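below are the sequence and a predicted model for it; my questions follow.
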Amino acid sequence: MIKKIALLVMLGAAAAVLGLGLWYESIPLRFEEGRSDLPALAFNDQMMDETIEPFCQDGVWYYCLPGYIETQKILLPWGTEKELQVDGKSASLVWSWEEEKTYTFTWKGQDYQVQFLRNSQLPTLFIHTESGSLEEIHRSKNHEETGHLLALDASGTVEYQGDLKRIKGRGNSTFSDYDKKPYSIKLEESFSLAGLEESKDYTLLALAFDGDKIHSKLGLEVASALGENDTEAQWVALYINGEWRGLYLLATSVSHLDQFQEEGAVLLEKDMESRYLESGNGFTTQDGNHFSVKRPQEINENDLTQLENRINQIETSILAGKPDFEMMDLDSFAVQILTEEVTRNFDAYKTSSFYYYLPGDDTLYAGPMWDYDGAFGEFTRLGIWWNDPAGILLEDTPEMFAADGRLTWPVYLYQNETFKKRMKEIYAQSLTELRALAEKIPQYEEFIQDSVLCDQLRWPASSGLAHEGKYVKWENNVRYLRYFFGQRLNSLCEAWNISWDPISFMGNGSVHTVTFTRDGEQVAQMEVKDGTLLGWQDTESFYPQGYYLITQYGGLFTLDLPVLEDCTLDIVLNPPAN
């Protein structure tokens, strides 16, 4: 009997140890030695082997976790709990954290302020470069490396795990002017990432220009609402080499869309002269417009001459006021021009304006649509006019377009009654979908807000040459997007005599203090209701015509911008250089 009891006790103890071991192994997060001053967070999961390094900002260390991580328990390796103190007490073997609470970690004799944050429930990408570093990739867009990609959907289910054929930098000013860089990646085989169209090639947009982090995606969706558009995008949480890189917009790459890989397909981009000369593959039309040939990547001289002649023939018909709609597709041109007009895209017809031929088809199509970081009134610093949701870009003269480096075709097409009528028809038919997009902005705001917080901590406003957005608070930049888009739709309906129930923008009822300074001295201060536009009548006594208003972060503030928060505006004679 005694032997049986002893055996039962031993079996019970073994089961307890086994149970403890299984429980121990079931905790998916653990601390382990990392590359920074503090331990890295490792995923203790059979499906993945990833770590997240903390980053330091203003004296606080942050761990930004993927949104699908539900546990708030962290496992400390045996013995480590004796080395780590939390708020002056020794940590337990399994330690639990609270989101956005600041802890004092004492680790290896040093004190650190630490916070744990969780991303929005977004798809997550973990990328590892071959070198284990981004230094050379950030040094030059021409440098590329192989690597490895682990992609998970919003629930944390592994979607893709495999080698990367390539990761490299991309973009122009977004690459050169900001610490947060955009990238392009190439998979070994075509695959659908984050629910997008299956492809080998994807672009990771850094959203460094986007004060609201929404309008680059919204621009592509406007194009889809107006007609066919093959470029798609989805927000993702991006980690590279174990470091939180931020909230990115994953998009299919225009030049790598399937239809442009077929023999006989041609993809052209109207580009700035400097970028066109850099590409070394293209032509300049008789009217001085520069087109780069994006596909095919190599084209012989005879085919290039024939292509140039066809484009010149189309251009001649457009400039003569008699566009040849047998040589060019009326609807795709109408959708492209409408998209640029609705979004008030600063880059419209200067760069990233694409045109294409399909195999066996001599018709020139406009699209796919791309590049809306400078849309929806975003570029305050590049001209007051771009913040005004009223007015029509197409009513400028061809000379004004040419002086600004823009393709002049849209101005001439807008003067053609057949084209103008069709463009208005498409706009009127699309208004229900466009209104639905405007109403979707608050949903997008809620969807990405946790990742925006993580992103802003990783990349504060000082990390670029220009402050993104018009307002200090992200939520006010989102409110401005809602204001601008709604007023833009209202304005175009009024200009084109289209019946429409206007979208209204209501203030939140609060009152803001607006302080005006000049030469370092305060000259005026006023209390302004939220959502109010300042008028000349309110400011003419101290704000002379010909002067500029500069915000506390160095950007232009114009009288077309609603007051959405307290602000200090400096009155200067010369605008900021950038």
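Now that the structure is in, tell me what you want to look at. What you see is a predicted model; the values in this text were computed from it and never measured.

going forward, measure contacts and count neighbours with C-alpha atoms only.
OK.

residue closest to the middle of this protein?
Geometric centre of the chain, nearest residue: Leu207, 3.0 Å, by C-alpha atoms, centre = their mean.

isn't that residue up against Lys213?
Yes - with contact defined as C-alpha atoms under 8 Å, Leu207 and Lys213 form a contacting pair (6.0 Å).

Ser184 is in contact with Phe175, isn't it?
No - using C-alpha under 8 Å, Ser184 is not in contact with Phe175, being 11.6 Å away.

overlap in contacts of those two?
In the contact map built from C-alpha atoms under 8 Å, 6 or more residues apart in numbering, the residues linked to both Ser184 and Phe175 are Gly169.

circling back: the residue nearest to the centre of the chain should be in a helix, yeah?
No - applying DSSP: H, G, I helix; E, B strand; the rest coil, one finds Leu207 to be coil, outside a helix.

list the contacts for it?
So, once contact is read as C-alpha under 8 Å, 6+ apart, Leu207 ends up touching Lys213, Ser216, Leu247, Tyr248, Leu249, Asp373.

hmm, which two among those are most spread apart?
Farthest pair in the contacts of Leu207 (C-alpha to C-alpha) is Leu247 and Asp373. Separation: 14.7 Å.

of those two, who's got more company?
Neighbour tally, Leu247 and Asp373, criterion other C-alpha atoms under 10 Å: the higher count belongs to Leu247, 30 against 26.

the more buried one: helix or strand, and which one exactly?
In this structure, Leu247 sits in strand 243-252 according to DSSP states H and E.

quick one: mean pLDDT over the following helix or strand past that strand.
Following strand 243-252 in sequence order, the next helix or strand is strand 266-270 (DSSP H and E). The average pLDDT within strand 266-270 is 96.

same thing with stretch 111-125?
For stretch 111-125, the mean per-residue pLDDT is 97.

in it, what counts as buried?
Residues 112-125 are the ones in stretch 111-125 that count as buried (16 or more other C-alpha atoms under 10 Å).

top helix in this protein by residue count?
For the chain, the helix with the greatest residue count under DSSP state H is helix 417-458.

helices and strands around it, which ones?
Judged by 3 or more C-alpha pairs under 8 Å, 6 or more residues apart in numbering; DSSP states H and E, the packing partners of helix 417-458 are strand 55-57, strand 110-118, helix 215-226, strand 243-252, helix 330-343, helix 409-414, helix 474-495.

now the helix or strand following the fifth one and helix 330-343, what's the angle there?
Tracing the chain past helix 330-343, the next element assigned as helix or strand by DSSP H and E is strand 353-357. An angle of 170 degrees separates the directions of strand 353-357 and helix 330-343 when computed by axes from the mean of the first three to the mean of the last three C-alpha atoms, to 10 degrees.

quick one: average confidence on strand 353-357?
Strand 353-357 carries an average pLDDT of 96.

backbone phi and psi for the residue lying closest to Phe116 once chain neighbours are set aside, please?
Of all residues not flanking Phe116 in the chain, Tyr63 sits nearest, at 4.9 Å (C-alpha to C-alpha, 6 or more residues apart in numbering). When read as degrees, to the nearest 10, the backbone of Tyr63 gives phi -110, psi 110.

ok, Tyr63 to Glu99 distance?
The gap separating Tyr63 from Glu99 is 10 Å, by C-alpha to C-alpha, to the nearest Å.

what sits in contact with each of these two?
With C-alpha under 8 Å, 6+ apart, Tyr63 and Glu99 have common neighbours Gln115, Phe116, Leu117.

the second one contacts Tyr62, doesn't it?
Right, Phe116. Yes - counting by C-alpha under 8 Å, Tyr62 is a contact partner of Phe116 at 5.9 Å.

the residue nearest to Phe116: neighbour count?
Neighbour count for Tyr63, taken as other C-alpha under 10 Å: 21.

tell me the spacing between it and Arg118.
For Tyr63, the distance to Arg118 - C-alpha to C-alpha - is 8 Å.

go on, Ile240?
Here the criterion is C-alpha to C-alpha. By it, Ile240 lies 17 Å from Arg118.

let me know the closest of the shared contacts of Tyr63 and Glu99 to Gln297.
Leu117 (44.2 Å).

burial count for the residue nearest to the closest one when sequence neighbours are not counted?
Closest residue to Leu117 apart from its sequence neighbours, by C-alpha to C-alpha, 6+ apart: Cys64 at 4.8 Å. Cys64 has 30 neighbours, counted by other C-alpha under 10 Å.

same check on Thr203?
Neighbours around Thr203, by other C-alpha under 10 Å: 23.

over to Leu93?
Residues near Leu93, counting by other C-alpha under 10 Å, number 16.

likewise the one 10 residues further on?
For Tyr103, the number of neighbouring residues by other C-alpha under 10 Å comes to 20.

enumerate every residue touching it.
Val86, Asp87, Gln113, Val114, Gln115.

the third one touches Glu100, doesn't it?
It refers to Gln113. No - look at Gln113 against Glu100 with C-alpha under 8 Å: they stay out of range, at 11.6 Å.

how long is stretch 272-290 end to end?
End-to-end distance for stretch 272-290: 7 Å, by C-alpha to C-alpha.

flag every buried residue along that stretch.
Under 16+ other C-alpha under 10 Å, the buried positions of stretch 272-290 are Met272, Glu273, Tyr276, Asn281, Gly282, Phe283, Thr284, Thr285, Asn289, His290.
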